[in-house]
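Novice: Have a look; sequence and predicted model below, questions after that.
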Amino acid sequence: MWLNINNLVDGEDPQQNPSPLIARYREAVIIVVKVENHHCPYDVGARQGVVIVNNSEPVSVYLPDTGFGKMLRVKATGNCSEEAPITLHPPDGKTIDGEASLVLTLPYSSVILVSDETGWLIF
């Protein structure tokens with residue numbers, strides 16, 4: 001069965017619209033992007049699920065303002081370091097586990113973030 005990604009609505013509450021088809025589709029599709037130095041600063045799209053950052057200098061990644069339950073995985077490559085950190089920025093007025101930003105400095109580090117509508121939570 002083919003599904004049209006344009007038919008899905010971001011921020012739909014699965015409790016209000018308990019379609020198993022939409023639930024399975026959202027779990028099955030993960031949009032992966034690779035961010036390089038020349039993409040900096042990088043704005044994560046609302047439909048992206050995995051962001052791989054391959055940087056050799058500092059990179060800023062701006063998180064989207066999304067509804068409840070959006071999951072985002074950010075993975076650093078071996079180039080991430082104290083000298084070449086990856087800084088994750090939530091939308092204005094939002095936080096990441098109560099902080100204004102999150103900085104990754106370890107090679108091959110990663111973080112899973114989930115939106116709760118008021119900000120992003122680290123898992």
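Specialist: Looks like it came in fine. Treat the numbers as computed from the prediction; the structure is a model and nothing was measured. Numbering: from 1, shown residues only.

Novice: in which helix or strand would I find the residue minimising distance to the centre of the chain?
Specialist: When CA atoms, centre = their mean is applied to the chain, the residue found nearest the centroid is residue 72 (3.3 Å). Using DSSP states H and E, residue 72 sits within strand 71-76.

Novice: partners of that strand in the sheet?
Specialist: Applying DSSP bridges, strand 71-76 is found paired with strand 48-54 (parallel), strand 110-115 (antiparallel).

Novice: In the longest one, which of the residues would be classed as buried?
Specialist: Buried residues in strand 48-54, counting neighbours by 16 or more other CB atoms under 10 Å, are found at 48-51, 53-54. Where C-beta positions appear, they are placed from N, C-alpha and C, glycine not excepted.

Novice: Next: the last one.
Specialist: Within strand 110-115, the residues that count as buried by 16+ other CB under 10 Å are 111, 113, 115.

Novice: Looking at the residues you listed, which has the smallest pLDDT value?
Specialist: Ranked by pLDDT, the buried residues of strand 110-115 bottom out at residue 115, which has 93.

Novice: Out of the strands paired with strand 71-76, name the one with the poorest average pLDDT.
Specialist: strand 48-54 (a mean of 91).

Novice: pretty sure residue 109 is touching residue 82, no?
Specialist: No. In this structure residue 109 lies outside contact range of residue 82 using CB atoms under 8 Å: 11.9 Å.

Novice: So for these two, which residue has more residues nearby?
Specialist: residue 109 (14 against 8; other CB atoms under 10 Å).
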